[in-house]
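**Student:** this one's sequence-less:
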């Protein structure tokens, strides 16, 4: 189904230009564009994309875990989610790096759906009475990026534990902001998925105070070590690198370098005074100059003879000056 012009998309475009397209990192922009594309051209109808315990587990429709975060109910649902995602993406991607941030989004998208199913299964066992007012939570079918956004909010607030967040003009410490927003959104808009938002918070906590970050690093190291054994952190780095890193190692010139000659030079200069070491270094540079001149240029025999005489005269003149210095000492 192809959608026409809608106000939510127009407002999202205005906000992007106000933010500055050049200020939005690549992964954040790509994920936002992909969400907009799937809203305009859905990969599946909402009833075929939403997540529900019976549909996913009982009917084995596991693809819903991938489709659900990327589909939205209407243009306003998309607008509010993507506007929030841009704000969080700019901060987290610049802090983590594009590679790790994309990795984080993929893991959060899948885990949020899995935790959602676990919570629904737990509520199904807990609420055996069909007249329970909260039994509808076990039958809801969730769709949208909100769960992932709540997980990102937990991560973002974790990096600024002493800060505060204003939620509808209410000043809330960062460590409680996600929980306060969860309750307020549900009270103002009861049709939103309480379990979906709660799942995102729990996934964020698994990353910030649980073992999830360590497990992700371990998996990233295994993958990158298989592809590049010399640099296991080349592809993923949670400290801020994005993409691959190139390391430069200057190799010695095989024409002029050998381990034996290096060791011989170190042995020769070990018992020399500072003056003698300087003399030896200058002689070597003059000799190298003569060798490189003969090697790199095709000169006539007369020119080569003159250059050789000039080099010998310089060496003799230098040796004379060095002898005078030694006599003074």
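**Tutor:** Thanks, I have it. Keep in mind that what you see is a predicted model, and the values were worked out from it rather than measured.

**Student:** where does the stretch 51-200 of the chain dip in pLDDT?
**Tutor:** Applying pLDDT under 70 to the stretch 51-200 of the chain flags residues 128-138.

**Student:** Which residue is the nearest non-sequential neighbour of residue 69?
**Tutor:** In space, and not counting its chain neighbours, residue 69 is closest to residue 109: 4.5 Å by C-beta to C-beta, 6 or more residues apart in numbering. No exception for glycine: its C-beta is placed from N, CA and C like everyone else's.

**Student:** Would you check that the one you found makes contact with residue 67?
**Tutor:** No - under the contact definition of C-beta atoms under 8 Å, residue 109 does not touch residue 67, with a separation of 10.2 Å.

**Student:** burial of the nearest residue to residue 21 once chain neighbours are set aside, as a residue count?
**Tutor:** Distances taken as C-beta to C-beta, 6+ apart place residue 29 nearest to residue 21, at 7.4 Å, with adjacent residues excluded. Residue 29 has 16 neighbouring residues, counting by other C-beta atoms under 10 Å.

**Student:** same check, this time on the one 10 residues further on
**Tutor:** The number of residues packed around residue 39, counting by other C-beta under 10 Å, is 22.

**Student:** Look up how far residue 18 lies from it.
**Tutor:** In this view, residue 39 and residue 18 are 21 Å apart by C-beta to C-beta, to the nearest Å.

**Student:** thinking residue 51 is in contact with residue 64, fair?
**Tutor:** Yes - judged on C-beta under 8 Å, residue 51 makes contact with residue 64 at a distance of 5.1 Å.

**Student:** Spit out the residues that contact these two alike.
**Tutor:** Common neighbours of residue 51 and residue 64, using C-beta atoms under 8 Å, 6 or more residues apart in numbering, are residue 113.

**Student:** Which pLDDT value belongs to residue 5?
**Tutor:** The pLDDT attached to residue 5 in the predicted structure is 58.

**Student:** Use 16 as the first number from now on
**Tutor:** Let's use 16 as the start, then, which means that last one is residue 20.

**Student:** Quick one: residues contacting residue 29.
**Tutor:** Taking C-beta under 8 Å, 6+ apart, we find residue 29 in contact with no residue.

**Student:** Against residue 22, how distant is it?
**Tutor:** Going from residue 29 to residue 22 by C-beta to C-beta gives 11 Å.
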